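Student: fold the following and give me the result.
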Amino acid sequence: MPLIESLVEKLQRHPKRFVFPEGSDPRIMQAARQIVSRQMGVPILLGDRSAIKQTAARLSINLSGIRLLEPTRSDDFEAFTARYLSLRSAKGVQLDEARQIMADPNFYATMMLAENRVEALISGATRSASSALRPLFQIIPRQPGVQSASSLLVLDFEGKGVGIGGVLFLGDCGVLPEPTATQLADIAVTTATLAHHLTNALPRVAMLSFSTRGSSNHPSVERIREATRLARAKAGVLGFEIAIEGEIQVDAALDAATALNKGVEGPVGGQANVLIFPDLNSGNTASKLVQIMTGANSYGQILTGLSKPAAEISRGASAHDILGAAAIVGCQAIDRVLLYGN
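Tutor: Got it, this is the predicted structure:
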């Protein structure tokens, strides 16, 4: 079964609340309609209620089951403002500024996530990545032991012989431009953890480089080796198995014959399902190239390392892409015992 369909089924058993800061965007409204129709939970659209209703009427989108919310007219606005002020007063934020900030739907949606009014947030459809990420990084704490939040992209090749039933998890393709070895280790472990949570499969993590197992001693390669060592140490305390190989070239990570020729044995060579890129240039470029050249379905960016589920989607995302991202972050919010019974 395709990944997103399996996640939709899980949400039908354990529905969640989703907030969309850009509620008047037609793609968001179409995805929200699908969330309701497929019984995944309750979508909450932020924005001007009359504008959303007018757009819905023009596009014949049924708003039944979809909640509309204007931040400045909500019952929580003053409480959220006070909470934000308590978080940021040390940075010089004053009350009037806090009110202005909380009127921004991205900040309001993030506070809804922080205060458990919703379980998942999906933003980025109409605004820059920095506008979507800034509230999350200011308000949502990181997971214990994680130095830096990052992101992953899910590529679904619909059953082709790569990854987990055709699904690859790629990190980081959207947040950290030049991650340190410690940050790369965090990226590897948090990406692998989410892959395991969504699929219950063994994460096979490839720490990518232009070198495989010592074919180069360039300083950038040494960083990958150190990141691999740190990632293995972090993975050892998680309570489930993660296979990590590094440094390794992408052909040896995904093609069994190449892995054999390059002397890469073990569970990752030719079988990787989690690809960790050495920097944002390589990750972002490679992921977009693959999407364009193959037509693979892509979902994300999914934020990793944060204590709450959130996605920062592309401004070029379709309604289908948005629904997939919502399914992923919604299932992040489902306890593993409910997902798999262990």
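Student: please name the bridge partners of the most centrally placed residue in the chain.
Tutor: The centre of the chain sits closest to residue 302, judged by CA atoms, centre = their mean, with a distance of 0.8 Å. On the basis of DSSP bridges, residue 302 takes part in beta bridges with residue 152, residue 311.
Student: how much space between it and residue 128?
Tutor: Remark: distance between residue 302 and residue 128 (CB to CB, to the nearest Å) = 18 Å. C-betas here are computed from N, CA, C, even on glycine.
Student: same check, this time on residue 286
Tutor: Residue 286 sits 22 Å away from residue 128, taking CB to CB as the criterion.
Student: next, the distance between the ends of stretch 310-321.
Tutor: For stretch 310-321, the separation between the terminal residues is 14 Å (CA to CA, to the nearest Å).
Student: in the stretch 51-200 of the chain, where is pLDDT below threshold?
Tutor: 159 (pLDDT under 70).
Student: in it, which spans are strands?
Tutor: Ranges of strands within the stretch 51-200 of the chain are 67-69, 120-123, 150-156, 167-171, based on DSSP state E, counting those that start in this stretch.
Student: okay if I get the ones you listed as TSV plus distance to residue 24 and mean neighbour count?
Tutor: Output for those, formatted as TSV (distance: least, CB to CB, whole Å; neighbours: other CB atoms under 10 Å):
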stretch	distance to residue 24	mean neighbour count
strand 67-69	10	19
strand 120-123	13	28
strand 150-156	25	26
strand 167-171	31	27
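Student: would you mind giving those strands as TSV with distance to residue 332 added?
Tutor: Converted to TSV, these look like this (distance: least, CB to CB, whole Å):
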stretch	distance to residue 332
strand 67-69	21
strand 120-123	7
strand 150-156	11
strand 167-171	13
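Student: any idea how far residue 100 is from residue 139?
Tutor: 16 Å.
Student: these two: which has the busier surroundings?
Tutor: More neighbours sit around residue 139 than around the other of residue 139 and residue 100, counting by other CB atoms under 10 Å; the figures are 20 against 13.
Student: was I right to think residue 111 contacts residue 139?
Tutor: Yes. Under the criterion of CB atoms under 8 Å, residue 111 lies in contact with residue 139, with a separation of 6.3 Å.
Student: joint contacts of those two?
Tutor: Taking CB atoms under 8 Å, 6 or more residues apart in numbering as the contact rule, residue 111 and residue 139 both touch residue 84.
Student: sec struct for the closest residue to residue 225 other than its chain neighbours, please.
Tutor: The shortest distance from residue 225 to any residue that is not its chain neighbour, by CB to CB, 6 or more residues apart in numbering, is 5.8 Å, and that residue is residue 247. At residue 247, secondary structure determined by DSSP: H, G, I helix; E, B strand; the rest coil is strand.
Student: what's the burial count for residue 247?
Tutor: 25.
Student: what segments of the stretch 201-342 of the chain are strands?
Tutor: So, for the stretch 201-342 of the chain - with DSSP E, counting those that start in this stretch - the strands run 204-208, 243-248, 274-276, 297-304, 310-312.
Student: for residue 117, find the nearest of those.
Tutor: In terms of CB to CB, the element of those nearest to residue 117 is strand 310-312, at 13.7 Å.
Student: great, nothing more from me.
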